[in-house]
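Enquirer: Prediction below, plus the sequence it came from.
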Amino acid sequence: MKLITYLEDGREKVGALTADEMSVRPLPFPDMTAAIEAGRDALVPAGEPVGLEKVALLAPIPRPRQDVICLGMNYLDHAKEAAQYDKEAFAREKPVAVYFSKRVTEAVAPEGYIDSHPGLVEKLDYEAELAVIIGKTAKNVPAEKAGEYIFGYTVLNDVSARDQQTGHKQWYFGKGLDGFTPMGPCILTADEVAFPPALDIACRVNGEERQRARTDGLITSVADTIAELSSGMTLLPGTVIATGTPAGVGMGLDPPRFLKPGDVVECEIERIGLLRNTVK
Ligand code: MG
């Protein structure tokens, strides 16, 4: 099942795509977090299908109730390119997960705009990532049971201001600016994908492919991430975990190539779909 959040006649709704993905059938929940809390068995569409041409897609979870939990440098080739760009800022000396938090006041919709923050940001970059959505309260979950706690998956662009990210001791500001979290186009429920998800992930800028990998190439796996985090931190339904980006980000190119207004960034994951945004 593919779930979306959308605007119809100015009202925000959640719904399930029809099999042909041309229409949406509404679900009886006020928002996606409520639908996630209700559980997959409760996701029974209760209305007539509406053609997607009549609605406007929003990010599937437009306003996550907590910051997005992110993994940094979680693909080997990306860890190498980051260290080449700035050895001090991206040192990864220990074989432990790099966790950080990304503030998301409002996630950017599919086809929405990435804010370039002129005057503040000079080195704007993209990061295509698989995002995991937690489905039920997770506390002390062993890795072998982690899959049972996943509601679904979406595509997330972990937009980053490299100058702000490396200019401060912490990454929070450079990763959490307004308009830095495009998400979507849908949540693919976890029952549709074997665990752990092994899906093609790619990113293009103005049609030029920059990133391509498989989502099972993570240094810290999805199962180990949920096990480790939940060993000391309760993960609530609707929690979004961005699992890290593959090699090929702008700072990793020689010379680095950063985003500018007008650029079109496409992040795509097999089965889930295409997330396209323009920099403004
Ligand atoms: Mg990232």
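Expert: Great, that's in hand.
Enquirer: In contact with the closest residue to the ion within the stretch 51-200 of the chain, which residues?
Expert: Closest contact between the stretch 51-200 of the chain and the ion, by Cβ to the ion, is at D158 (3.4 Å). Heads up, the C-betas are built off the backbone N, CA and C, glycines and all. Contact partners of D158, counting by Cβ atoms under 8 Å, 6 or more residues apart in numbering, are C70, K102, E127, E129, K175, F180, T181, A242, T245.
Enquirer: Quick one: residues contacting the closest residue to it other than its chain neighbours.
Expert: Sequence neighbours aside, E127 is the residue nearest to D158 in space, at 3.9 Å (criterion: Cβ to Cβ, 6 or more residues apart in numbering). Going by Cβ under 8 Å, 6+ apart, E127 touches N157, D158, V159, S160, C203, T245, V249.
Enquirer: So which of the residues you listed is surrounded by the most neighbours?
Expert: The most neighbours of any of these, using other Cβ atoms under 10 Å, belong to T245, which has 31 neighbours.
Enquirer: coming back round to it: the residue nearest to D158 and N74, how far apart?
Expert: 11 Å (Cβ to Cβ, to the nearest Å).
Enquirer: what touches both of those two?
Expert: T245.
Enquirer: Out of the contacts of E127, which sit inside strands?
Expert: Assigned to strands by DSSP state E, the following of the contacts of E127 qualify: N157, S160, C203.
Enquirer: quick one: which of those residues is nearest to R210?
Expert: Proximity of the ones in strands among the contacts of E127 to R210 was ranked by Cβ to Cβ; the top entry is C203 with 5.2 Å.
Enquirer: Quick check: that closest one vs the ion, distance?
Expert: Between C203 and the ion the distance, using Cβ to the ion, to the nearest Å, works out to 12 Å.
Enquirer: where does the closest residue in space to Y85 that isn't next to it in sequence fall, phi/psi-wise?
Expert: In this structure, Y85 finds its nearest non-sequential neighbour in M251, 4.5 Å apart by Cβ to Cβ, 6+ apart. Main-chain dihedrals, M251, degrees, to the nearest 10: phi -70, psi -20.
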